[in-house]
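Peer 1: pasting the sequence and the predicted model now:
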Amino acid sequence: MLFTYPKARPHRRHGPYGYSDYQRYRPWLRDEFEFRCVYCLEREIWTKRKRAFDIDHIVPISQSTDGELDYENLAYSCARCNGVKSDQAVQDPFFALTDSSIRADSNGVVTGTTPESKDLIRKLDLNCDDMIKWRCLKLEHETLVQHDSKKLASLTRLPEDLPDLSRLNRKPNTRPEGVSESWYERRKKEELD
């Protein structure tokens, strides 16, 4: 549950564009990537540091400035994974890291089933000793609280500060219908557990 990668989707839910600074895409990316790192699945609620998450350029700016403000080239990443990735170009993790292409086992090891996911695991060093220990600790915590729904929910809950994307929808958006599927709107409609 904690380290289950998302189901494959044919496209991203949101498509904002027109911002002059890629940091302005942060609320959209937080929602798009479910408030967790696209690579290792660390959740915002597991850290107390305000800036523990970065905006990653899938194709780094150092290799091409064309994607600096392109929403499709941006991913929500923890600072650790973004730092390890650095200037490496990778496959789009939105499509390469899905529930059918990567799995975390009970020993904390992640295994890729496709060439793209195997490449990302290697480039992001997702099976280094520290990452395996970290996953094992989280999985142990999950096991300890699995019969207590409130404690389990505390491990997987959404952050309190969900972005209201409808307020940001003044900029062009190729997928405006995605706003109604945002976590903020779903909470507002009481569709969340």
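Peer 2: Here it is on my side, so go on.
Peer 1: output the below-cut-off pLDDT ranges for this structure.
Peer 2: The chain contains residues with pLDDT under 70 at 50, 169, 193.
Peer 1: where do the helices sit along it?
Peer 2: 26-32, 79-85, 93-96, 115-123, 129-145, 149-156, 183-188 (DSSP state H).
Peer 1: got a list of contacts for the longest one?
Peer 2: Spelled out, it's helix 129-145. Residues outside helix 129-145 that contact it (Cβ atoms under 8 Å, 6 or more residues apart in numbering): 1-3, 40, 46, 104, 106-110, 125, 151-152, 154-155. (Each C-beta comes from the backbone N, C-alpha and C, glycine too.)
Peer 1: make it 7 Å
Peer 2: Met1, Leu2, Phe3, Cys40, Ala104, Ser106, Asn107, Gly108, Val109, Lys151, Leu152, Leu155 (Cβ atoms under 7 Å, 6 or more residues apart in numbering).
Peer 1: how many other residues sit next to the last one?
Peer 2: Think Leu155. A count of nearby residues for Leu155, using other Cβ atoms under 10 Å, gives 16.
Peer 1: Lys123: what's it in contact with?
Peer 2: By Cβ under 7 Å, 6+ apart, the contact list for Lys123 reads Lys85, Gln88, Val90.
Peer 1: give the buried subset of those as a ChimeraX selection command.
Peer 2: Selection command for ChimeraX covering only the buried members of the contacts of Lys123, criterion 16 or more other Cβ atoms under 10 Å:
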select :85,90
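Peer 1: need the contacts of Lys123 in TSV (columns: distance to His57).
Peer 2: Formatted as TSV, the contacts of Lys123 follow (distance: Cβ to Cβ, whole Å):
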residue	distance to His57
Lys85	9
Gln88	11
Val90	10
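Peer 1: quick one: buried residues of stretch 26-40?
Peer 2: For stretch 26-40, using 16+ other Cβ under 10 Å, the buried residues are 26-33, 35-40.
Peer 1: over to stretch 172-180?
Peer 2: Across stretch 172-180, burial judged by 16+ other Cβ under 10 Å covers Asn173, Gly178, Val179.
Peer 1: go through these and say which is closest to Arg12.
Peer 2: Gly178 (7.8 Å; Cβ to Cβ).
Peer 1: now the closest one. Nearest residue, chain neighbours left out?
Peer 2: The shortest distance from Gly178 to any non-neighbouring residue, by Cβ to Cβ, 6 or more residues apart in numbering, is to Arg13 (3.9 Å).
Peer 1: would you check that that neighbour makes contact with Val179?
Peer 2: No. With contacts counted by Cβ atoms under 7 Å, Arg13 stays clear of Val179, the gap being 8.9 Å.
Peer 1: so how far is Arg157 from Ser149?
Peer 2: The gap separating Ser149 from Arg157 is 12 Å, by Cβ to Cβ, to the nearest Å.
Peer 1: more crowded one of those two?
Peer 2: Between Ser149 and Arg157, counted using other Cβ under 10 Å, the more crowded position is Arg157 (13 against 10).
Peer 1: how many neighbours does the residue nearest to the more buried one when sequence neighbours are not counted have?
Peer 2: Excluding the flanking residues, the one nearest Arg157 by Cβ to Cβ, 6+ apart is Ile45, at 6.1 Å. Using other Cβ under 10 Å, Ile45 is surrounded by 15 other residues.
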